[in-house]
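J.: Need a 3D model of the sequence below.
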Amino acid sequence: MSVRAGALALQGDFREHIAMLKRLGVEAVPVRSAAELETVDALVVPGGESTTIGRLARIYGLIEPLRARIEAGMPTLGTCAGMIFLAAATTGPEQPQLGVLDAVVERNAFGRQVDSFESELDVAGFDEPVRAVFIRAPWIAKLGSGVEVLAVVEDAAGDDPRPVFVRQGNVLATSFHPELIDDTRIHEMLIAMAREG
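T.: Purely as a prediction, here's the structure:
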C-alpha cells in the first residue's frame, strides 16, 4: 500500500521529518490546513515550541480536525514539542493541547538549551539502541494506563527513569528528535502503522 505522510508545518523542524519520510520512499508533504490534513494517511507533529504550535493550530482552525483524525485512528508521531501538543496536560501553565495521548508532560524537563545532550536508548522491539538527541526536551511525568513505555532515560540527578518514548494505540511520542540522526526506525514504525491500517 502506498502511504502519503504529512508533517504539521506550522512551526518547528517539519522539513527534517519530511526529508526523513522521503528517504523511506513515501510521499511526504507539509500540512498547514484541514484540507491538507485530509489527504494524508499518517502525520508527524514536529519539535519546535509547543505553545506556538498550539496557538497557530488554533488560529488555522486545526485543533478539532487534528483531534478528530487522530482519534479516528490516523497514525501519528509527536516529537519533543509534538509530544507536548499531543498530550492531555503539562505540569506547567495551560496551553493548547490535543489530549490524544493520555499523559502529563513536563516541559524542558532536562534543563535549558545548554543542557541538551545525546544518549543511547534501549527501545522495546529494537535490536540495537537508538541514539537520541534531547534539546530542551520534555519527559512524561504521569502516564495513563493505556500508554506503553518503549524507552526511558534517567535524569542528571539519577532519579527514577523517565519515559521518553511511548505508544498509545495509533499515537507514538518521543521526547527526543529522531529526525536529527541517521536512523529511520522510528519513522518506519509510523509508516508500518499506516500500512497496517
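J.: C-alpha only now, for contacts and for neighbours.
T.: Noted.
J.: So which residue is smack in the middle of this protein?
T.: By C-alpha atoms, centre = their mean, the chain has its centre lying nearest to Gly78, at 1.3 Å.
J.: give me phi/psi at it?
T.: Dihedral angles of Gly78 (phi, psi; degrees, to the nearest 10) stand at phi -110, psi 130.
J.: so what's Glu94 scoring on pLDDT?
T.: Listed pLDDT for Glu94 reads 88.
J.: Please verify my assumption that the residue nearest to the centre of the chain contacts Leu86.
T.: Yes - counting by C-alpha atoms under 8 Å, Gly78 touches Leu86, with 6.8 Å between them.
J.: hang on, the earlier thing: and the gap between the residue nearest to the centre of the chain and Asp127?
T.: From Gly78 across to Asp127, the span is 23 Å (C-alpha to C-alpha, to the nearest Å).
J.: Please apply the same query to Leu37.
T.: From Leu37 over to Asp127 the distance is 33 Å, taken as C-alpha to C-alpha.
J.: The two: who's more crowded?
T.: Using other C-alpha atoms under 10 Å, the more surrounded residue of Leu37 and Asp127 is Leu37, with 22 against 8.
J.: Surely the more buried one and Arg4 touch.
T.: No - Leu37 lies out of contact with Arg4 (C-alpha under 8 Å); the separation is 10.6 Å.
J.: Show me what secondary structure element comes after the lowest-mean-pLDDT helix or strand in the chain.
T.: Within the chain, no helix or strand scores below strand 117-121, which has a mean of 86 by mean pLDDT, DSSP states H and E. Counting by DSSP states H and E, the next helix or strand C-terminal to strand 117-121 is strand 130-134.
J.: just how off-centre is the least confident helix or strand of the chain within its chain?
T.: Relative to its parent chain, strand 117-121 has a centroid offset of 17 Å by C-alpha atoms, centre = their mean, to the nearest Å.
J.: correct me, but Asn108 touches Arg136?
T.: Yes - with contact defined as C-alpha under 8 Å, Asn108 reaches Arg136; the gap is 4.8 Å.
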